[in-house]
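1. Fold the following and give me the result.
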Amino acid sequence: MNSPRFFTLSFLVLSSLPSLALEPLHYNHPGLTVDLSVGLWADPLPMDFDGDGHFDLLVNCSDKPYNGLYFFRNATGDTATQPFPIFQPAQRIGKAGANVQVSYLNGQPLILTPATTYPDFSAHRTRETAEAAAPR
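-> Residues are numbered from 1 along each chain as shown. Reported below is the predicted structural model:
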């Protein structure tokens, strides 16, 4: 298989194929109203963060260069009637956490990390913590 004839034959076959044009993939679309970006490996946390009754978006990004917790305010209102909301530019509101998740208890968002819960996260962010109770 490593003979010069094999390489010559391979070269002739490949050079006889029509050239394949590669198209670049564009990251941004000029027609977009808003483009949310905080880096790779980001954890979206949909919740009403500012208390106005509309789902906002918190994004926890533990990678570089955007390491942090970001708040994107929903500027268009109710997501039931506006399924594709427009968000205001991000505000960095804190440090990134590891494995951050949002859960809902009695209709209220509860921010969790492994073995830790953050009660009243909107008001206190990560200053107040409680040990997560193990299921019984």
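
2. Specify the local secondary structure of the closest residue to Asn67 other than its chain neighbours.
-> The spatial neighbour of Asn67 that comes closest, neighbours along the chain excluded (CB to CB, 6 or more residues apart in numbering), is Ala96 at 5.0 Å. Using the backbone N, CA and C atoms, a C-beta is placed for each residue, glycine as well. Following DSSP: H, G, I helix; E, B strand; the rest coil, Ala96 is assigned to coil.

3. all helices of this protein, in order?
-> Applying DSSP state H to the chain gives helices spanning 4-16, 121-124.

4. what is the rounded mean pLDDT of the first one?
-> It stands for helix 4-16. Predicted confidence along helix 4-16 averages 56 (mean pLDDT).

5. now stretch 52-66
-> Across stretch 52-66, pLDDT averages out at 88.

6. Only the buried residues of that stretch, if you could.
-> For stretch 52-66, burial by neighbour count (16 or more other CB atoms under 10 Å) applies to 54-62, 66.

7. Just the pLDDT at Pro114, thanks.
-> At Pro114, pLDDT is 88.
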